[in-house]
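> 3D, please:
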Amino acid sequence: MEEAEEVLRIARNDLQFFSESVRALPQMGELRIDIGSFLVTADYLLDGLLVDYLVYSRIAEVLERVDDAISQIRWILEELRYRNGGY
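Residues are numbered from 1 along each chain as shown. Presented below is the predicted three-dimensional model:
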C-alpha cells in the first residue's frame, strides 16, 4: 500500500510539472497561416515571384513556431523520463 501511495505521489508531481511546463510554452493559437487578403489578391492577380516569396515566408514562420513547440515538448518529456529514472 505504501508503494502504491508513493507511485501515486510521483505521478501527481510529474503531472503537475508537465502541466506547468506546457502552460509556459508560447501560445500557438490555432495553427493557421494568416496570409491576408492583400497577398491572396496579389497572388491571384499577379502570380509573381515576390508574392510567392511572401506567402512562403508566412508558411516558414508558422513551421518554425511548430518546430519550436515540438522541441520544447520533447524536452519536457525527456525531463519527465529523467525524473522517473529513465522509464
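
> Low-confidence ranges, the chain, go.
By pLDDT under 70, the low-scoring segments of the chain are 26-36, 38-40, 42-48, 86-87.

> Work out which residue lies at the spatial centre of it.
residue 69 (2.6 Å; CA atoms, centre = their mean).

> For it, which three-state class applies?
helix (DSSP: H, G, I helix; E, B strand; the rest coil).

> For it, give its distance to residue 51.
Using CB to CB, to the nearest Å, residue 69 is found at 28 Å from residue 51. Every C-beta, even on glycine, is put in place using the N, C-alpha and C of the backbone.

> Now do the contacts for residue 15.
Not one residue lies near residue 15 by CB atoms under 8 Å, 6 or more residues apart in numbering.

> Likewise for residue 8?
Residue 8 makes no contacts at all, as judged by CB under 8 Å, 6+ apart.

> Which of the helices or strands spans it?
Following DSSP states H and E, one finds residue 8 within helix 2-24.
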